[in-house]
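Student: okay, predicted coordinates and the sequence, questions at the end:
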Amino acid sequence: MIYLVLGSNLGDREWNLEQAKALLAEALKVDMLCSQVLETEAIGFDGSAFLNQAVCFDCAIEPEALLDICQDIEFRLGRPRHQPEYDAQGRRIFHDRTIDIDIVLFDDRQIHTDRLTIPHPQLWERPYVKELLNDITI
């Protein structure tokens, strides 16, 4: 199973989550199981509250191809294409966003490339993620 966590803290947050799920289902030709939606504070920066939701599905796709689809959907929903930013101490700089789609787990695979790390590196630093994932565990 593949697990994604979606987040939105700009605009119509609920609509952004619904659109992201619809576009994912359309692109991947899958049915998804969805967790509850949780409102959480921004982590790592001073921003508006997020709505977050986890989804899971099974799909014959390679992880980097899935990343391309996720990033394309983010762009289509108003998130500028981006490269991770870091401060002088090497800490990641985060920003508000219309939609964020993180690949958090991909079967039992461990992946470390320049573009993608699975399991997601901040998976257990975000306290709400475990709750969302447990909500849809099959």
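Tutor: Happy to help now that I have it.

Student: can you give me the helices in this structure?
Tutor: Counting by DSSP state H, the chain has helices at residues 13-28, 63-76, 127-136.

Student: spatially nearest residue to Leu123, not counting backbone neighbours?
Tutor: Val104 (5.3 Å; C-beta to C-beta, 6 or more residues apart in numbering). For every residue, glycine as well, the C-beta is placed using N, CA and C.

Student: tell me the contacts of that neighbour?
Tutor: Val104 sits next to 3-5, 54, 118-120, 123, 129, 133 when contact means C-beta atoms under 8 Å, 6 or more residues apart in numbering.

Student: let's have those residues in CSV, adding pLDDT, distance to Ala22 and neighbour count.
Tutor: As requested, the contacts of Val104 are exported to CSV (pLDDT from 0 to 100; distance: C-beta to C-beta, whole Å; neighbours: other C-beta atoms under 10 Å):
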residue, pLDDT, distance to Ala22, neighbour count
Tyr3, 95, 18, 25
Leu4, 96, 14, 22
Val5, 95, 17, 23
Ala54, 96, 16, 28
Ile118, 83, 24, 22
Pro119, 83, 26, 16
His120, 75, 23, 19
Leu123, 73, 25, 17
Val129, 88, 22, 23
Leu133, 90, 21, 17
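
Student: contacting residues for the closest residue in space to Val30 that isn't next to it in sequence?
Tutor: Of all residues not flanking Val30 in the chain, Phe57 sits nearest, at 4.2 Å (C-beta to C-beta, 6+ apart). The contact partners of Phe57, by C-beta under 8 Å, 6+ apart, come to 1-2, 28, 30-33.

Student: just give me the closest of these to Leu17.
Tutor: Met32 (11.8 Å; C-beta to C-beta).

Student: adding neighbour count and distance to Ile43, write the contacts of Phe57 out as JSON lines.
Tutor: Formatted as JSON lines, the contacts of Phe57 follow (neighbours: other C-beta atoms under 10 Å; distance: C-beta to C-beta, whole Å):
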{"residue": "Met1", "neighbour count": "14", "distance to Ile43": "25"}
{"residue": "Ile2", "neighbour count": "21", "distance to Ile43": "23"}
{"residue": "Leu28", "neighbour count": "18", "distance to Ile43": "27"}
{"residue": "Val30", "neighbour count": "16", "distance to Ile43": "28"}
{"residue": "Asp31", "neighbour count": "8", "distance to Ile43": "30"}
{"residue": "Met32", "neighbour count": "18", "distance to Ile43": "24"}
{"residue": "Leu33", "neighbour count": "15", "distance to Ile43": "25"}
